[in-house]
Every structure is written in C-alpha cells, then in structure tokens.
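Peer 1: Using only what follows, build the 3D model:
(2 chains)
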2 protein chains.
Amino acid sequence: MDLTTGNVECAKAPIGVFDSGIGGLTVAREIMRQIPNESIVYFGDTARLPYGSKSKETVTRYSRQIVRFLKTHHVKTIVAACNTVSAYALEMLEQESDIPVIGVVKPGAKVAAATTRNKKIGVIATEATIGSGIYNRYIEELNHGVTIWEKACPLFVPLVEEGLLEDPVTDEIARRYLTELIDLDIDTLILGCTHYPLIRSTLGRIMGEGVTLVNPAYETARELKEMLAEKGLLNTEEPKLGSNRYQFYVSDTTEKFIRFANSIIKYGILSARQVNIEEY
Amino acid sequence: MDLTTGNVECAKAPIGVFDSGIGGLTVAREIMRQIPNESIVYFGDTARLPYGSKSKETVTRYSRQIVRFLKTHHVKTIVAACNTVSAYALEMLEQESDIPVIGVVKPGAKVAAATTRNKKIGVIATEATIGSGIYNRYIEELNHGVTIWEKACPLFVPLVEEGLLEDPVTDEIARRYLTELIDLDIDTLILGCTHYPLIRSTLGRIMGEGVTLVNPAYETARELKEMLAEKGLLNTEEPKLGSNRYQFYVSDTTEKFIRFANSIIKYGILSARQVNIEEY
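Peer 2: Numbering: from 1, shown residues only, chains lettered A, B, ... in the order given. Below you'll find the model as predicted:
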C-alpha cells in the first residue's frame, strides 16, 4: 500500500492496534472516542502475556510476529499500544515497516515535559519499561532541566486484572510504590502502563491534587489523529449503521478477553477470534 | 532409549523437570533433597509464563515443545512440575511419550485423599487448574465420600514473585481467598500451585492448626523416587565432587531466573542457558 500520498481507499483502511493482552484496550477506547470514523483491528497476545517482565529480545520477536499478522489485514498504520513494546521494539518496528508505526511512550513523554512546572516528573510502569530508561531519555531530549524519577510497580497489573480497582489492598500497594515519588515532590506523574488508567482515581487520591496524572493512551490517540490528518489518511466517511468496524484477535481463548474488554469498552464486544501468532 | 528394563547407563541419565517459570523449582528442590544422586535438566518457560491463566490448547502446545527440548538431553523421565500442565496436558504427554512422565496433581491428590479425617478437602490453585476440575476428579476416584472445594487464587503468584512472602498485604489477600474454605470446615488443604509452598507459613497461620497443608512438590518427589526404584532407574552412584549435575534452561533472559532460583534453592545456581523454545 503506498501511503506517501493519502487517497480515499487508504483512508478507509483500518488502524492496527496491539498489546500483550488487554491493557491496550484503554488506547483503543481513546481512539474510538477521538476518531470515531476509524476502523480498528486489535490484537492481544494473551497466550504470551505479560510482556512487562520479559526481555527486549523476546518482546521484539513477539512484536515482529504481530506486525506481520496485522499487515495481513491491510492496516494503514499500527499503534503499539503497550509501553513495554514502545520501550523495547518501537525503533526497530519503525525502521522495518513501510507504514507508520506509533507507540505510547513519546506522546506521554511530550505532554509530561510540557506540563511540569517544578521540573520534577515521576514515571510508573512495568519492570521492562522502567529498565529501558526510555521515558527518561525522551523527556530529557524535550526539556533539559527536568529530573525524572522512575518506579516499577509489578503488582498493579495483576491487581487490575483481579478487578481490585477500588480496594484497600490496591490502596496499600499504591501507597508503598508511590511514597518515594510523593516525598520527591514531583508535580507530574506518567501512567506508563496501559493498565494504570483503570486505577487512575486511586493513584490520583494518593498523589494528591497538586500532581497532574498523564495518561499516554489519551495523548497517543491525539497524536494518531494528527498524524493521519497530516498524511491525508483520516477516514472522513461516517461508519454505516451495523458495520462491524472493530475487530478483535487474541492468541489464547477469547472468553476472558471478551469479559474484560466489555468492562473497559462500553461497546458490546461480542466476539474475538483466536490466532496462532507463532505462525507469523 | 529403552527403559523397559533398567540398566546402569539409563539410570545415569538426568531427570527432565519443567514449569512455566520458577514455581517448578520447589519441585526440583524436593527432588534434590530426596534423591540427591540424580542429575536434573530444568526448563522454565519464562518467555511465555504464566500458564495459570491460559487455555488447555495453548498449555498443551507449549508443553509438547518443552518435552521435545528435554528429550534432546536424553532424560530418563520427565516431571511436569506445574499444576496447570499436569491438569491440562499430562494425559496427552503420557500417551505420546516413550519415557515415563509424571505430574504433580496425582501425588498431591493421593496424599490428600488419605489424610482427610472429616472428608472435607480444599484445593487452592491457578484459574486454569481449578477450571480443569482435575483435583476433584482424582480425589473422588480415590476416596468416594469426600467433598472437595476449590478456590482460584490468581494474586498469590505475583505476590510471591514480588517477594511479599511475609507481608500484611499477602495476609489480607490470603484471608479473602481462604475465608470460605475455613467456613466450610475443611481439614486438608492442597497447595495446588508450585508457588504456594513459598507462602506456606502464611497459609498455615490463616487456616489454623487443625488443617493439614499438602505440598504436592514433596509428594511428587517421593512418587518419582518410588517409580525410578521400581523400574531399576535410580542412580546409585554418588555424584562426583564438582560435577555439574543440575542444569537450568529458560526461554527468556536468565538474570531474574537465577536470582529467584538462588532464593529458593540454596545451592548456588550460577548460570542458566537461554533457549528459543518456539523452535522445538
């Protein structure tokens, strides 16, 4: 597909969105909200999740397979809706791909760098994302005098997946993880994992009113919209009633995914198809 | 390898032990303790862990690849040191294999069935193991009048991996998961996931003194020893000083695995090798 000049056919093509599992649905949700004319093909790697504790090499190999799969759906662009993928594999995916690939780290970093007033930013994320130091790198490029503190929060994902969104245990764990960031007097906190917006109110309460929470899912959808507009790839046609414009694929069985997807996206996701991703 | 009649060469071959990651090390540890002459080749599928939330089909595909890998090491027997594998894939592995394959579910079920006095048994495990109903099936075959209550405890694995072995949060989560089992007056509790022996003291404190905790890792090592003795496959030679008889392989990077392995097995595990398991 030649995307150098926008044309109506290319603009009608779907957007590919992928994640290690369900977290990326918070990004898909923002895309649905902000650019509702677009179609989406979503892939969740539920057979191999989570990525956040795995190595760069493994995450890169998995991401390549998923990009190959999404391309079989003739997507016009790909969103790596996973901080770990964005941290470990995005540069490689960008280099290898003939269509635009965007991640969630840069958009979040950009807004955080522009938001902070006291030049103290905190980042919470998985072990892999923190270990990569990528938020640090991006933010320093954008805003030199800023100091960044990063904190891995490995229990947040399982707590969210267990449904403990508003719970004293989640409060207690969040307090332990965040205390040092509070003591360091940060005024901006990046929610550097796509699961974290689901416990946003807990995080906001613990951090206090003076701290701005940055949700990269929101910023990514905004940047995606701008990029598509620039390239003449925004779909200007309103979706037809009853058209099946959101498609979901997973690498493991679908029931648990559908249940979770319906709790995140109030859209009535009825089905997801299973794919053997190792074949791609 | 013809294992129908034991011979010295076969007896010297290593035992293959595998798990989705690190949990199976509690089983390897028991094998080291109970039959110290044996060599072990351990494989942890750290690139695709955890298995406990995945489907039967996926766990079976992964297990087949691992068995093929272990056989390249000419193992004399294979221990599926993972309850999810034992629940989902063991029958298939037994049928397909020309060497003995044993799991952790049957040994645990056998001891629990023999231990209970009031015929009320509880099982705690991952979602996959509970969903399979396998403990229920085995125990009913062994002891007809027994009632079994099962409870999935998805947060225990991440809590153990975060190192919260003795912690108020683990206490609180354990209390929530176990309250209904306490109310049901069980006298025997099977720790149906290889991570759980690591929070054994928390579980024991909450369940109270009247409840016997069954650790399938211990029972599996005992059954393995008996089986090897019956087949004339026990290694009677004492290991030579400095011989490298425990080998560890993983599918993702090794550092985290080595750190955790050293916290479980007080043996000084210095190295593990990385394998691309999808190629098997």
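Peer 1: check contacts around the closest residue to chain B within the stretch 1-150 of chain A.
Peer 2: Residue nearest to chain B within the stretch 1-150 of chain A (Cβ to the nearest Cβ): A:Ser55, separated by 4.0 Å. Using the backbone N, CA and C atoms, a C-beta is placed for each residue, glycine as well. Contacts here follow Cβ atoms under 8 Å, 6 or more residues apart in numbering or on different chains; on that basis A:Ser55 touches A:Ala128, B:Ala47, B:Asp252, B:Thr253.
Peer 1: And those residues, which is the shakiest by pLDDT?
Peer 2: Taking pLDDT as the measure, the contacts of A:Ser55 have their low point at B:Thr253 (86).
Peer 1: roughly how far apart are that residue and chain A?
Peer 2: Distance of B:Thr253 to chain A, computed by Cβ to the nearest Cβ, to the nearest Å: 4 Å.
Peer 1: residues in contact with the residue at minimal distance from the centre of chain A?
Peer 2: Closest to where the C-alpha atoms of chain A average out (Cα atoms, centre = their mean) is A:Ala81, at 3.0 Å. Neighbour list for A:Ala81: A:Val17, A:Phe18, A:Asp19, A:Gly23, A:Gly24, A:Thr26, A:Val27, A:Ala28, A:Val104, A:Thr194, A:Ala217, A:Thr220 [criterion: Cβ under 8 Å, 6+ apart].
Peer 1: And for A:Pro50?
Peer 2: Taking Cβ under 8 Å, 6+ apart as the contact definition, A:Pro50 lies against A:Ser20, A:Gly21, A:Thr126, A:Val157.
Peer 1: wait, isn't the third one in contact with A:Val59?
Peer 2: No. Look at A:Thr126 against A:Val59 with Cβ atoms under 8 Å: they stay out of range, at 10.6 Å.
Peer 1: Overlap in contacts, those two.
Peer 2: Shared contacts of A:Thr126 and A:Val59, defined by Cβ under 8 Å, 6+ apart, comprise A:Tyr51, A:Thr84.
Peer 1: So those two - more neighbours on which side?
Peer 2: When neighbours are counted by other Cβ atoms under 10 Å in any protein chain shown, A:Thr126 comes out ahead of the other of A:Thr126 and A:Val59, with 29 against 25.
Peer 1: nearest spatial neighbour of the more buried one, skipping sequence neighbours?
Peer 2: Once flanking residues are discounted, A:Thr126 sits nearest to A:Gly52: 2.7 Å by Cβ to Cβ, 6 or more residues apart in numbering or on different chains.
Peer 1: doesn't A:Arg245 make contact with A:Pro239?
Peer 2: Yes. Under the criterion of Cβ under 8 Å, A:Pro239 lies in contact with A:Arg245, with a separation of 5.4 Å.
Peer 1: Now do the SS call for A:His102.
Peer 2: You called it His, but residue A:102 is Ile. Secondary structure state of A:Ile102, per DSSP: H, G, I helix; E, B strand; the rest coil, is strand.
Peer 1: count of residues packed around it?
Peer 2: Neighbourhood size, A:Ile102 [other Cβ under 10 Å]: 21.
Peer 1: ok, now which ones touch the nearest residue to it once chain neighbours are set aside?
Peer 2: Taking Cβ to Cβ, 6+ apart, and ignoring the residues beside it in sequence, A:Ile102 has A:Val79 as its nearest neighbour in space, at 5.6 Å. The neighbours of A:Val79, taking Cβ under 8 Å, 6+ apart as the test, are A:15-18, A:24, A:27, A:31, A:101-104, A:220, A:224.
Peer 1: And what about the closest residue to chain B within the stretch 101-250 of chain A, helix, strand or coil?
Peer 2: For the stretch 101-250 of chain A, the residue closest to chain B is A:Pro158, as judged by Cβ to the nearest Cβ, at 4.0 Å. Here A:Pro158 is helix, with the state taken from three-state DSSP.
Peer 1: All the strands of the stretch 51-200 of chain A, residue numbers only.
Peer 2: Under the criterion DSSP state E, counting those that start in this stretch, strands of the stretch 51-200 of chain A are mapped to A:77-80, A:101-103, A:120-125, A:147-152, A:188-191.
Peer 1: got a markdown table for these, with mean pLDDT too?
Peer 2: Converted to a markdown table, these look like this (pLDDT from 0 to 100):
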| stretch | mean pLDDT |
| --- | --- |
| strand A:77-80 | 98 |
| strand A:101-103 | 97 |
| strand A:120-125 | 98 |
| strand A:147-152 | 97 |
| strand A:188-191 | 98 |
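Peer 1: can those strands go into a markdown table with extra columns for distance to A:Gly204?
Peer 2: Compiled in a markdown table, the strands of the stretch 51-200 of chain A are given as follows (distance: least, Cβ to Cβ, whole Å):
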| stretch | distance to A:Gly204 |
| --- | --- |
| strand A:77-80 | 25 |
| strand A:101-103 | 25 |
| strand A:120-125 | 13 |
| strand A:147-152 | 16 |
| strand A:188-191 | 9 |
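Peer 1: Now rank the contacts of A:Val79 by neighbours and give me the top one.
Peer 2: A:Val104 (33 neighbours).
Peer 1: Tell me the confidence at that residue?
Peer 2: Looking at A:Val104, its pLDDT stands at 97.
Peer 1: Now do the contacts for it.
Peer 2: A:Val27, A:Val79, A:Ala80, A:Ala81, A:Cys82, A:Asn83, A:Ser86, A:Thr194, A:Pro216, A:Ala217, A:Glu219, A:Thr220.
Peer 1: Show me these that map onto helices.
Peer 2: With helices taken from DSSP state H, the overlap with these comprises A:Val27, A:Asn83, A:Ser86, A:Pro216, A:Ala217, A:Glu219, A:Thr220.
Peer 1: Mind putting these into TSV with distance to A:Arg200?
Peer 2: Below are the ones in helices among the contacts of A:Val104 laid out as TSV (distance: Cβ to Cβ, whole Å):
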residue	distance to A:Arg200
A:Val27	14
A:Asn83	15
A:Ser86	19
A:Pro216	12
A:Ala217	10
A:Glu219	14
A:Thr220	16
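Peer 1: Closest one to B:Ala272 out of those residues, please.
Peer 2: A:Asn83 (26.9 Å; Cβ to Cβ).
Peer 1: What about the closest one, how many residues nearby?
Peer 2: One way to gauge burial is a neighbour count; for A:Asn83, by other Cβ under 10 Å, it gives 35.
Peer 1: Near chain B, which residues of chain A? Just list them.
Peer 2: A:46-48, A:53-55, A:57-58, A:154-155, A:157-159, A:161-162, A:168-169, A:172-173, A:251-253, A:256, A:278 (Cβ under 8 Å from any Cβ of the partner chain).
Peer 1: Just list what the helix or strand containing A:Lys225 packs against, helices and strands only.
Peer 2: For A:Lys225, the enclosing helix or strand under DSSP states H and E is helix A:216-230. Judged by 3 or more Cβ pairs under 8 Å, 6 or more residues apart in numbering or on different chains; DSSP states H and E, helix A:216-230 is in contact with helix A:25-34, strand A:77-80, strand A:101-103, helix A:105-115.
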